[in-house]
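Asker: missing the sequence, but the structure's below:
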Ligand code: CDP
Ligand code: MG
């Protein structure tokens, strides 16, 4: 059993008990999913796909006819769910909310997580006749998984299949049809729709959900929507004056113009900023049901939050009454290693204290497969305590029933821009006070609970009050390219709710110029437009577009698909490291990690389908991730076809074209060998270490390129290849001169 940890009830309130009766004040939090190279969630083709009338089932297969038996089962399920819905605080006030939306162009709604905002409000709006009969509603989500699972939930509540009345659109996946009147979309997917439908004419109501997260893309949408609302109002008034009542042209099924309604939903009570931004829009506060949560602080500062979490989990299990535990950790790696340590101690527990019941560990993070995530939401078997090890996805975006204890590490992974090296990186950071309070609140959803903070009260009081909006923390290359592609000619005049710094806008413009996405006058080039229409971060879009000239688009599509799943592509545990390295030795390429990834994919494809599982096991490769790679590849190939680009050209075994394509997009991710054997970043001269997991670790070559930097105590380059110093100059002439 791990040694126990001392907690202190804190002095924040009388009776050494801190009430958590209402949502956190002034809370603004940012919770980001892990960085992925396919982060942009670009959905340029959504329009084409959305107009398809094929109804697809939840598994993505075309379902064809819905049988009466299916209809009946859906109806019964909807009736069953209605009972629970009626108990939600938002359900009771849904008519007041629709009336408020009918009377105002923009409405802000504040209610605690789990009150029913996301599932009930869009549904009620769809049934209203605001701002027209049968309104079409789109609801944005910062996370793909949320969009997907919410569409499924609301479809079940409505009693239809996903892709019918209720659907979703996320990057690489669209389940919506002509019949869809309530659509969940990632904020990125809605932004992408704007490239083809500038005024979002096909929606009557846009609901910006999870607005408190202040994700980069939600903030961009807010700026755009304010303008769109104005234009839609003008269009509507003109139509009302000149056309309305005169009858439609025969055969026209075009929808009449309508004014656009905007609903902003947030789980924290900092409504003023939203209201101010949207011209003093009214705010609706829905009082949630929140039970008291006792807050306990660590008596002394903890050097290792993982170990502190481990001790606390067992302390709870040994000494506290039944109830599930939700543990907040920064990232997937922490979750995996804590799972391993708990499992070790659990065996011990079963023999020493058989009567104590067992523990069920459920991981929960954005990249986890939906079927695995479902485990966290299902009730635990009898005599078992569920331990949910989660990242900050569990802070506001999902509600897990049965949580009585929260263990808060006080840390989260957060995207940050590092101007010196010009990249975004995920760093483990202390959370803000409002974030800590949201985490605490998760313990009081159904009954009173306890929150164990693995830090001292003094440390809590020193935390930032709120988290900075993402737009002020990350690289704006994507954002600025998108503004330009969406027709915003002067990016300096864009109406940002929180303005990013002058330096970061300038840096983005310089990068875009280096990528030839904009010309010297700051105007978007046709190349830039193509980049904006690809579901890739601009630098990777540039890599892909360059590969056509280099004669290796097929290889680059493979590589970008591989990089999208890289985090879980190779099985690397401490126990299997040596065996894995030995098995994978045959894939190693002299130029480094990128060609090695391509070698792995080639070998995988050479294996018969029914033998791939064994092959993956033998080579310590993750089959699921490999299948995701194949899926992503299909999508990227389709995108190229839509741009009329012939992607089928491959450079075969020649690495040079592949590396050249990489340099043309990732020229800023390069470093040169120094006389002392170290690598220094090409422009900033910062010291760059090759990550120990890279095949280029300990190798000395004149220049390297990397696709990711990990910043811990050192600056580590991951995904490293050897390149020629000359290629940096020739492939990025606008940056390094001729
Ligand atoms: O958006 P908000 O956090 O206010 O709540 P919601 O997502 O609308 O969820 C309301 C309730 O519906 C939750 O408390 C859950 O009990 C339930 N729900 C569910 O069971 N499964 C889902 N996928 C979503 C919601
Ligand atoms: Mg919600």
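Answerer: Now that the structure is in, tell me what you want to look at. Predicted model, so just to flag it, every value in this text is computed and none were measured. Numbers count the residues shown, from 1 in each chain. Ligands and ions are numbered 1, 2, ... in the order given.

Asker: Which helix or which strand is home to the closest residue to ligand 2 within the stretch 101-250 of the chain?
Answerer: Nearest residue of the stretch 101-250 of the chain to ligand 2: residue 118, at 3.2 Å (Cβ to the ion). (Glycine included, C-beta is placed from N, CA and C.) In the assignment (DSSP states H and E), residue 118 maps to helix 117-127.

Asker: Past that helix, which element shows up next along the chain?
Answerer: Trace forward from helix 117-127 with DSSP H and E and the next one is strand 137-141.

Asker: for whichever helix in the chain runs longest, packing partners?
Answerer: Ranked by residue count and defined by DSSP state H, the top helix of the chain is helix 216-242. Here helix 216-242 touches helix 187-193, strand 205-208, strand 261-266, helix 477-485, going by 3 or more Cβ pairs under 8 Å, 6 or more residues apart in numbering; DSSP states H and E.

Asker: what pLDDT, on average, does the last one get?
Answerer: Okay, so that is helix 477-485. Averaging pLDDT along helix 477-485 yields 95.

Asker: helix or strand right after that helix?
Answerer: helix 502-514.

Asker: In three-state terms, how would residue 294 be classified?
Answerer: strand (DSSP: H, G, I helix; E, B strand; the rest coil).

Asker: what does residue 414 give?
Answerer: Applying three-state DSSP: residue 414 is strand.

Asker: How about it: what's its closest non-neighbour residue?
Answerer: Excluding its sequence neighbours, the residue lying closest to residue 414 (Cβ to Cβ, 6 or more residues apart in numbering) is residue 429, at 4.8 Å.

Asker: How about residue 120?
Answerer: residue 90 (4.6 Å).

Asker: wait, isn't that neighbour in contact with residue 117?
Answerer: Yes - under the criterion of Cβ atoms under 8 Å, residue 90 makes contact with residue 117 at 5.7 Å.

Asker: Name the residues contacting each of those two.
Answerer: Common contacts of residue 90 and residue 117 (Cβ atoms under 8 Å, 6 or more residues apart in numbering): 111, 286.

Asker: Which one's more surrounded, the two?
Answerer: Shown here are residue 90 and residue 117; by other Cβ atoms under 10 Å, residue 117 has more neighbours (27 against 23).

Asker: residue contacts, the more buried one?
Answerer: Residue 117 neighbours (Cβ under 8 Å, 6+ apart): 90, 109, 111, 209, 265, 267, 286.

Asker: Next, give me the two most distant ones among those residues.
Answerer: 209 and 286 (14.2 Å; Cβ to Cβ).

Asker: For the stretch 251-400 of the chain, give me the ranges with low pLDDT.
Answerer: 251-253, 370 (pLDDT under 70).

Asker: what's the burial count for residue 547?
Answerer: Using other Cβ under 10 Å: residue 547 sits among 29 other residues.

Asker: one step back: let me know the angle separating the longest helix of the chain from helix 477-485.
Answerer: Helix 216-242 and helix 477-485 are oriented at 20 degrees to each other (axes from the mean of the first three to the mean of the last three Cα atoms, to 10 degrees).

Asker: what is the rounded mean pLDDT of helix 216-242?
Answerer: 94.

Asker: what do you get for stretch 579-599?
Answerer: 95.

Asker: for the residue nearest to residue 120, what are its contacts?
Answerer: Here residue 90 is in contact with 97, 111, 115-117, 120-121, 286 (Cβ under 8 Å, 6+ apart).

Asker: Residue 210: neighbour count?
Answerer: 26.

Asker: Equivalent analysis for residue 338, please.
Answerer: So residue 338, with other Cβ under 10 Å, has 23 neighbours.

Asker: Could you give me the buried positions within stretch 631-640?
Answerer: 632-633, 635-637, 639-640 (16 or more other Cβ atoms under 10 Å).

Asker: Can you spell out the domain ranges of this protein, please?
Answerer: Domains of the chain are assigned by the TED database as 67-239+255-286, 293-468, 534-732.

Asker: Need the distance between the two termini of the first one.
Answerer: Separation of the first and last residues of domain 67-239+255-286 by Cα to Cα, to the nearest Å is 40 Å.

Asker: start at 308 instead
Answerer: Got it, the first residue is 308 from now on, which makes the last one we talked about domain 374-546+562-593.

Asker: Now do the helices in the stretch 758-907 of the chain.
Answerer: Per DSSP state H, counting those that start in this stretch, the stretch 758-907 of the chain carries helices over the ranges 764-769, 784-792, 809-821, 833-840, 845-857, 860-871, 884-890, 900-913.

Asker: Report the rounded mean pLDDT for stretch 742-756.
Answerer: For stretch 742-756, the per-residue pLDDT averages 92.

Asker: give me the residue from the stretch 658-807 of the chain nearest ligand 2.
Answerer: For the stretch 658-807 of the chain, Cβ to the ion, closest residue to ligand 2: residue 704, 6.5 Å.

Asker: quick one: contacts for that residue?
Answerer: Contacts of residue 704 by Cβ under 8 Å, 6+ apart are 338, 420, 448-450, 453, 517, 520.

Asker: picking that back up, just the angle between the helix holding residue 425 and strand 444-448, please?
Answerer: Here helix 424-434 runs at an angle of 170 degrees relative to strand 444-448 (the same axes, to 10 degrees).

Asker: what's next to stretch 993-1006, contact-wise?
Answerer: Contacts for stretch 993-1006 (Cβ under 8 Å, 6+ apart): 727-728, 879, 895-896, 899-900, 903, 978, 985-988, 1011, 1013, 1016-1017, 1021-1029.

Asker: Understood, closing this out.
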